[in-house]
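Asks: this one's sequence-less:
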Ligand code: FAD
Ligand code: UDP
């Protein structure tokens, strides 16, 4: 008899959901987390009474009712709707691309007028868009591309838009209504008590060890449990033996300001190339805060190097091919790989919950 039924490397959303399901089924679960806190990238921390999203803005949105019922069954969610504003050289535009954006950019007022302007600009791209630049122009035309997409995207991904996959930009809605909701999903919100409370609920009943790296002593850990779920980077698991996958990383600069309302909205995107950060978030607005002070964070994208947190997989062809080779090695391991880093996929939180639940459905 081994001491645990499951050992889970990583206490992010994937690991925590799986742990919750396993504990519900009466399994003994050990979660190892190499950071000094639980929750991975959705971790929030209270500062001046405000839930600070330590690893960047996190807005839960989904059209999957099972996932929504699951998370809202654990903690209460507020009715936050993400409506970021883009700042291009001091000009303010509503996001995502909608009638407010087109009206300001083209001086038009009706959907028909907007469609006419865009139809002319879109005609520049013939055939199937081959990369992000062509995809963007074929969606919203060159003016919007130049002011709101090009600079932001090149900062975010550290590459030219013509070298990036088209799918990245397809995440964003394009609408001919005056609707600033950044997402098209049926359900949206943020946990009223912060994401850390959600993770705490998910991990209740599991043994959790912080500041503990599974890979540092993996043979030993594997002896103590029947099964293992690994949620860290897949290439790191294999000691980068086939080469390194590329990730984007971020640097966060956070400040407490002695003012009540700094930017009037939770997220401002800085879309020009010359400003080095991509976003400034003012955390209190995620939860309609009225505290006397405010906390703001500037987000600077950077290349990932060993020792940094790998936040975004760079899902271009080269990396996806390499990932497939690692995934083939993973098949032969007595370990299951799950989550944004172990599956090397640009999962949102709802995708992550869905993946973890389907693994639990299969295994438990
Ligand atoms: P992670 O959160 O990365 O968790 C993995 C955990 O494993 C980490 O805690 C890590 O420390 C730990 N770990 C790794 N290796 C080891 C090891 N060897 N031993 C022990 N522990 C280990 N999604 C949305 O739906 N809405 C948003 O608005 C949104 N915004 C985002 C903004 C940013 C800046 C980023 C980076 C992501 C955003 N996401 C958003 C995506 C969301 O963060 C992910 O879907 C989710 O956090 C993935 O959870 P995970 O458990 O797979 O990974
Ligand atoms: N994007 C952009 N301008 C913006 C916001 C987003 O060009 O003001 C592009 C950029 O390429 C980004 C992609 O749209 O990587 C997806 O944006 P999203 O906000 O979904 O990215 P995430 O929240 O994952 O960082």
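Replies: Alright, I've got the coordinates. Keep in mind that this is a model prediction, so the values were computed, not measured. Ligands and ions are numbered 1, 2, ... in the order given.

Asks: Next, count neighbours for residue 89.
Replies: 11 (other C-beta atoms under 10 Å). Yep, even glycine has a C-beta here, placed from its N, CA and C like the rest.

Asks: what's the spacing between residue 333 and residue 251?
Replies: According to C-beta to C-beta, to the nearest Å, residue 333 and residue 251 sit 33 Å apart.

Asks: now for the helix or strand encompassing residue 324, which elements pack on it?
Replies: Using DSSP states H and E, residue 324 falls within helix 317-331. The elements that helix 317-331 packs onto, with contact taken as 3 or more C-beta pairs under 8 Å, 6 or more residues apart in numbering; DSSP states H and E, are helix 234-237.

Asks: Next, see if the helix it packs on gets close to ligand 1.
Replies: No. Counting by C-beta under 6 Å from any ligand atom, ligand 1 is not contacted by helix 234-237; separation bottoms out at 6.9 Å.

Asks: Show the subsequent helix or strand relative to that helix.
Replies: Past helix 234-237, the next helix or strand by DSSP H and E is strand 247-257.

Asks: That next one vs ligand 2: in contact?
Replies: No. Strand 247-257 is not in contact with ligand 2 by C-beta under 6 Å from any ligand atom; minimum separation 9.1 Å.

Asks: Now do that strand and helix 317-331, the angle between them.
Replies: Interaxial angle, strand 247-257 versus helix 317-331 (axes from the mean of the first three to the mean of the last three C-alpha atoms, to 10 degrees): 100 degrees.

Asks: Tell me where the protein has helices.
Replies: Per DSSP state H, the chain carries helices over the ranges 13-24, 65-72, 99-106, 111-122, 132-144, 151-157, 167-170, 195-203, 218-224, 234-237, 317-331, 349-363.

Asks: Show me which residues of the stretch 251-364 of the chain sit near ligand 2.
Replies: By the rule C-beta under 6 Å from any ligand atom, the part of the stretch 251-364 of the chain lying against ligand 2 is 269, 271.

Asks: residue in the stretch 251-364 of the chain nearest to ligand 2?
Replies: residue 269 (3.7 Å; C-beta to the nearest ligand atom).

Asks: Report the separation between the residue lying closest to that residue once chain neighbours are set aside and ligand 2.
Replies: Leaving aside its chain neighbours, residue 269 sits nearest to residue 86 (4.5 Å; criterion: C-beta to C-beta, 6 or more residues apart in numbering). As for residue 86, its distance to ligand 2 is 5 Å (criterion: C-beta to the nearest ligand atom, to the nearest Å).

Asks: Report whether the lowest-mean-pLDDT helix or strand in the chain contacts ligand 2.
Replies: The helix or strand of the chain with the poorest confidence is helix 167-170; it has a mean of 91 (mean pLDDT, DSSP states H and E). Yes. Helix 167-170 reaches ligand 2 (C-beta under 6 Å from any ligand atom) through 168, 169.

Asks: Next, the buried residues of that helix.
Replies: Buried residues in helix 167-170, counted by 16 or more other C-beta atoms under 10 Å: 168, 169.

Asks: Show me how far that helix is from its chain's centre.
Replies: Here the centre of mass of C-alpha atoms in helix 167-170, compared against the chain's by C-alpha atoms, centre = their mean, to the nearest Å, lies 14 Å away.

Asks: near ligand 1 at all, that helix?
Replies: No. In terms of C-beta under 6 Å from any ligand atom, no part of helix 167-170 sits within range of ligand 1; the closest distance is 13.4 Å.

Asks: can you list contacts of that helix?
Replies: For helix 167-170, contacts defined as C-beta atoms under 8 Å, 6 or more residues apart in numbering pick out 132, 135, 136, 139, 149, 153, 157, 315, 346.
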